[in-house]
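A.B. asks: Here is a sequence with its predicted model. Questions after.
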Amino acid sequence: MGERELIEDVAGAPLDRDFFDRPSDVVAPDLLGRVVVHGSVAVRLSEVEAYGGPGQDPASHTYRGRTPRNSVMFGPPGHLYVYFTYGMHFCANLVCMPAGSASAVLLRAGEVIAGVHTARIRRMPHADGPDLEGLVRRVPDRDLARGPARLTVALGLVRDHNGTDCCSGGPIRAHEGRPVPSGQIRTGPRTGVSTGAETPWRFWIDGDPTVSPYRAHIPRRRGRATS
DNA sequence: TTTAGGATTGACT
DNA sequence: GTCAATCCTAAAC
């Protein structure tokens, strides 16, 4: 059995593009329990957030229209939108709706269900140094993909993956997994956004230990405190 | 050209 | 609970 078959054994068949050709707030809860795959690593999603289109959602990167950074969100559905933030982190989204509409779902957290060893090494501080397992503090399994930047690292997604088509049988795909019954889905305000936080477009699996802890947005101070 | 601030995280009190 | 790290983006000038 090859890598593909092993992954499909635990993650089911890949989702096709039609899955993403719907509004992001409809796709988002349907993504819970689904499995995002990159090579040998697979993550079962436990928490996502929907972001809307131009002029509709003040929290969305596309609210003010197309820019070089957000151009992938204006493209066809089922593509990966990876962005850099806080000077050090990458986060990953799956684009929804037809080209031109520019909405997406942020992948916030999940459980690593395949490739745990690879994911753990990626999540170690200084994984490229001489001190590997046993010498560096081991990240608990539940924390491997608990948070959007952590999930992106665990899956090995980087800047260059921005724009990747996830519905063409390539190395990065979304698989059907097992959808979560609506009774187990919880919704609430989105995390860390300074505007539009009142829209309850964060979705997570009730009671799942891999869901990230909620943190309200805190505007950061700049420069030195004076006087 | 300058500047504010960010879809976060890990360390620390 | 607080805070710094760190660089990119887009808006303002």
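C.D. replies: Sure thing, it's come through.

A.B. asks: residue in chain A nearest to DNA strand B?
C.D. replies: A:G192 (1.9 Å; CB to the nearest atom of the strand). For the C-beta atoms, the positions are set from N, CA and C on the backbone; glycine is no exception.

A.B. asks: Just say helix, strand or coil for that residue.
C.D. replies: coil (DSSP: H, G, I helix; E, B strand; the rest coil).

A.B. asks: tell me the pLDDT at it?
C.D. replies: Looking at A:G192, its pLDDT stands at 83.

A.B. asks: who's in contact with it?
C.D. replies: A:R215, A:A216, A:H217 (CB atoms under 8 Å, 6 or more residues apart in numbering).

A.B. asks: among the residues you listed, which are within reach of DNA strand C?
C.D. replies: When these are checked against DNA strand C using CB under 7 Å from any atom of the strand, none falls in range.

A.B. asks: Closest residue of chain A to DNA strand C?
C.D. replies: For chain A, CB to the nearest atom of the strand, closest residue to DNA strand C: A:G87, 2.3 Å.

A.B. asks: What strand or helix carries that residue?
C.D. replies: Assigned by DSSP states H and E, A:G87 belongs to neither a helix nor a strand.

A.B. asks: got it, and A:V26?
C.D. replies: Using DSSP H and E, A:V26 maps to helix A:24-31.

A.B. asks: chain center to that helix: distance?
C.D. replies: Chain-centre distance of helix A:24-31: 12 Å, with CA atoms, centre = their mean, to the nearest Å.

A.B. asks: That one close to DNA strand B?
C.D. replies: No. Helix A:24-31 lies out of reach of DNA strand B by CB under 7 Å from any atom of the strand, never closer than 9.2 Å.

A.B. asks: just checking, what packs against that helix?
C.D. replies: Helix A:24-31 is packed against strand A:41-51, strand A:89-96, strand A:103-114, with contacts defined by 3 or more CB pairs under 8 Å, 6 or more residues apart in numbering; DSSP states H and E.

A.B. asks: Can you add mean neighbour count and distance to A:R178 and give those back as JSON lines?
C.D. replies: Shown next, in JSON lines, are the helices and strands packed on helix A:24-31 (neighbours: other CB atoms under 10 Å; distance: least, CB to CB, whole Å):
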{"stretch": "strand A:41-51", "mean neighbour count": "27", "distance to A:R178": "9"}
{"stretch": "strand A:89-96", "mean neighbour count": "24", "distance to A:R178": "18"}
{"stretch": "strand A:103-114", "mean neighbour count": "25", "distance to A:R178": "11"}
